[in-house]
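Q: with the sequence up front, the predicted model follows.
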Amino acid sequence: MLEQMTKARAYAYLTGIFCALIIASNILGTKTLKIEFIMLPCSILIFPILFIVNDILSEIYGYEMAKNVIFLGLILNVVVIIIYAIAIMLPSDSPDAEAFSTVLSTTPRLFIAGFLSYLLGNLVNSKILVKLKEKYNEYLFVRCIASTAVGEAVDSIIFITIAFIGVFPTSLIITMICCQVVFKVLYEIIAYPITRKIIINIRNLDDGELKNIN
């Protein structure tokens, strides 16, 4: 399979990974992770990987093709949430029905927070990386980390503010935002050698069906 890999096939795989991660984040987001005074949603385990995939897509395929994946992920996420809501409303005598509802249900507030933070954070990340590539093509590390730092900051500020304003004290909200951004950026720095290797490998692939797209 790897011998027959092309840029077009790699794009399809990256799209699948990206969409799977955003859907999984819905479930992980229902549990919080608490370390001392820091409290964060467990979806923080996935979102840095989401932004790394975003970086790879933006670096190799450009902003427009990365944007298509971001919007596809958004559409699939909404579809899954609707399906969850329908399943929760259906009558059931399952002893796990209440737990199912607790884990997979969402409130309008959290839905809006997730919708806006995901969309704007990922679009900003992709746009900045592509713009930096035009001027600093040789500095891949700087592009990846800088775009992630801004994109993750936008994502965290929007989601945590909308989701928790009025629920937690302002000081805790600010702490949560700062900790989340720092964690995500450190995550990307640690994972950068893998990100770089993937980008280099995909660059060396044949275009495949992308020739027909372009």
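A: Sure, I can see it.

Q: what residues of stretch 60-67 count as buried?
A: The neighbour-count check on stretch 60-67 (16 or more other C-beta atoms under 10 Å) flags 60-61, 63, 65-67 as buried. For glycine as for every other residue, the C-beta is placed from the backbone atoms N, C-alpha and C.

Q: closest to residue 128 among those residues?
A: residue 63 (9.8 Å; C-beta to C-beta).

Q: on that earlier part again, quick one: which of the buried residues of stretch 60-67 sit in helices?
A: Judged by DSSP state H, the buried residues of stretch 60-67 include 60-61, 63, 65-67 as members of helices.

Q: output the contacting helices and strands for the host helix or strand of residue 112.
A: For residue 112, the host element (DSSP states H and E) is helix 108-135. Here helix 108-135 touches helix 47-61, helix 63-89, helix 140-164, going by 3 or more C-beta pairs under 8 Å, 6 or more residues apart in numbering; DSSP states H and E.

Q: sorry, back to before: identify the farthest-apart pair in the ones in helices among the buried residues of stretch 60-67.
A: 60 and 67 (13.8 Å).

Q: ok, the most centrally placed residue in the chain to residue 118 distance?
A: Geometric centre of the chain, nearest residue: residue 50, 3.5 Å, by C-alpha atoms, centre = their mean. Distance, residue 50 to residue 118, by C-beta to C-beta, to the nearest Å: 8 Å.

Q: cool, and residue 133?
A: Residue 133 is 23 Å from residue 118, where distance means C-beta to C-beta.

Q: show me what counts as buried in the lengthiest helix in the chain.
A: Looking across the chain with DSSP H, the single longest helix is helix 170-203. By 16+ other C-beta under 10 Å, the buried positions in helix 170-203 come out as 173, 175-177, 179-181, 183-185, 187-189, 191-192, 195-196, 198-199, 202.

Q: just how off-centre is it within its chain?
A: In terms of C-alpha atoms, centre = their mean, to the nearest Å, the gap separating the centre of helix 170-203 from the centre of its chain is 11 Å.

Q: tell me the angle that helix makes with helix 47-61.
A: Taking axes from the mean of the first three to the mean of the last three C-alpha atoms, to 10 degrees, one finds that helix 170-203 is oriented at 40 degrees with respect to helix 47-61.

Q: for helix 170-203, packing partners?
A: Helix 170-203 sits against strand 38-41, helix 47-61, helix 140-164, with contacts defined as 3+ C-beta pairs under 8 Å, 6+ apart.

Q: so for residue 81, which of the ones you listed sits nearest?
A: helix 140-164 (15.2 Å).

Q: check which residues of that closest one are buried.
A: For helix 140-164, the neighbour count (16+ other C-beta under 10 Å) marks 140, 143-164 as buried.

Q: average model confidence for it?
A: Helix 140-164 shows a mean pLDDT of 88.

Q: how far off helix 170-203 does that helix point, in degrees?
A: 140 degrees.
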